[in-house]
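In: this is a predicted model, with the sequence first.
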Amino acid sequence: MHVFVTGGTGQVGSYIIPELIAAGHEVTGLARSDKSAAAVSALGARVRRGNLADLDGLKAAAAESDGVIHLGYRAELLSSGGITALGASELSIVLAFGEALAGTGKPLVAAGSIGAPTNLGRAAPLLAPSSLGRPATEDDPALPCGPTDAGTLVARNIVETAVVGLAEKGVRSSVVRIPTLVHSSTGRLQLIGLAKTKGFAGYPGDGENRWPAVHTSDLASLFRLALEKAPAGRTWHAVADEGIRFREIAEAIAARLGLPAVSIPADELMLPGYFGFLTAVVTLDLAASSAVTRQVLGWEPTQPGLIADLDNGHYFPAG
């Protein structure tokens with residue numbers, strides 16, 4: 001299969017391209033700069049110069065392929081137009097791919113995110129999966145990424161719904177939802193950097209809120225499986241660790257850095273020196289299940305879980 005990949009040089013894409021090539025697929029990666037083009041080539045893929053703002057170019061690339069994996073996004077829009085502009089851009093991109101692939105039965109696999117369900121009303125309280133009595137599932141509506149507000153949720157809902165809806169136009173479309181924590185020997189965890197900066201590893205309240213996690217290699221294998229055999233119009237959860245307590249994550253990081261793990265009271269989370277603007281993220285309870293994904297696609301994670309991976313040395317090099 002000839003696969004067109006956007007975002008192929010990112011943390012996830014740099015694992016997906018080798019995964020596809022090892023499985024016998026031919027890959028073309030989008031590159032907007034000489035540096036990106038060199039990185040795509042180094043991964044073993046052909047290079048297509050262009051950018052995500054060129055919708056006609058994206059259509060042409062999709063039409064020439066046997067399938068598309070869409071990982072890239074226009075990060076520059078966040079500083080100028082925020083999540084609304086980014087959501088509008090993402091919608092136009094996936095609809096362009098849908099137009100190019102309509103009626104072909106070819107696959108389009110787009111990246112989504114696992115967050116916490118919430119009502120659409122801007123003043124509505126957060127509803128974590130635990131408050132519903134269960135982890136989030138593949139059948140739940142699209143979930144917000146980043147700080148939780150109505151704009152974020154609406155943007156993600158629209159994009160994921162658009163991708164799934166392309167099944168009605170003859171596209172074998174699906175969404176792979178990526179959890180909060182993606183770890184690997186080449187990745188970085190923001191929580192580690194934050195702990196180094198603050199001099200402690202903090203957790204909100206009792207730290208019982210849970211975050212899902214997956215190793216990047218296992219995530220790459222799920223994208224390949226979705227490309228190869230996923231039914232049209234479905235969502236999948238790339239979840240290996242269903243929900244690790246935030247306190248356990250903080251304590252593991254603290255122990256390896258020789259720092260204390262500190263509970264931050266709810267009324268202090270937003271104060272300077274603590275989580276600040278990250279409060280809306282670190283307080284979420286994000287437990288999610290991948291039972292349907294495993295059953296339907298036969299996906300079985302083989303890499304270490306997050307806590308075990310922290311012992312492999314790459315996150316805390318000696319010296």
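Out: Okay, I see it. Residues are numbered from 1 along each chain as shown.

In: after the host helix or strand of G29, which helix or strand is next? Please name it.
Out: Counting by DSSP states H and E, the secondary-structure element that holds G29 is strand 26-31. Sequence-wise, the next helix or strand downstream of strand 26-31 (DSSP H and E) is helix 34-42.

In: how far off centre is the following helix or strand past that next one?
Out: Moving toward the C-terminus from helix 34-42, the first helix or strand encountered (DSSP H and E) is strand 46-49. Mean-position distance between strand 46-49 and its chain equals 24 Å (CA atoms, centre = their mean, to the nearest Å).

In: go through this structure and flag its longest helix.
Out: Scanning the chain for the helix with the most residues, using DSSP state H, yields helix 82-101.

In: got the buried residues for it?
Out: 83, 85-101 (16 or more other CB atoms under 10 Å). Every C-beta, even on glycine, is put in place using the N, C-alpha and C of the backbone.

In: ok, which stretches of this protein are strands?
Out: Using DSSP state E, the strands of the chain run over 2-6, 26-31, 46-49, 67-70, 107-113, 172-178, 181-183, 201-204, 210-215, 234-237, 241-245, 261-264.

In: redo these as TSV? Include distance to T137.
Out: Listed next are the strands of the chain as TSV, based on distance: least, CB to CB, whole Å:
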stretch	distance to T137
strand 2-6	27
strand 26-31	31
strand 46-49	36
strand 67-70	23
strand 107-113	14
strand 172-178	10
strand 181-183	19
strand 201-204	25
strand 210-215	12
strand 234-237	7
strand 241-245	11
strand 261-264	30
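
In: looking at those strands, spot the one closest to P304.
Out: Nearest to P304 among the strands of the chain is strand 210-215 (6.7 Å), distances taken as CB to CB.

In: helices and strands around the longest helix of the chain, which ones?
Out: Packing contacts for helix 82-101, counted by 3 or more CB pairs under 8 Å, 6 or more residues apart in numbering; DSSP states H and E, involve helix 55-63, strand 67-70, helix 76-80, strand 107-113, helix 150-165.

In: for P260, which of the ones you listed is the nearest?
Out: Nearest to P260, of the helices and strands packed on helix 82-101 and by CB to CB, is strand 107-113 at 31.1 Å.
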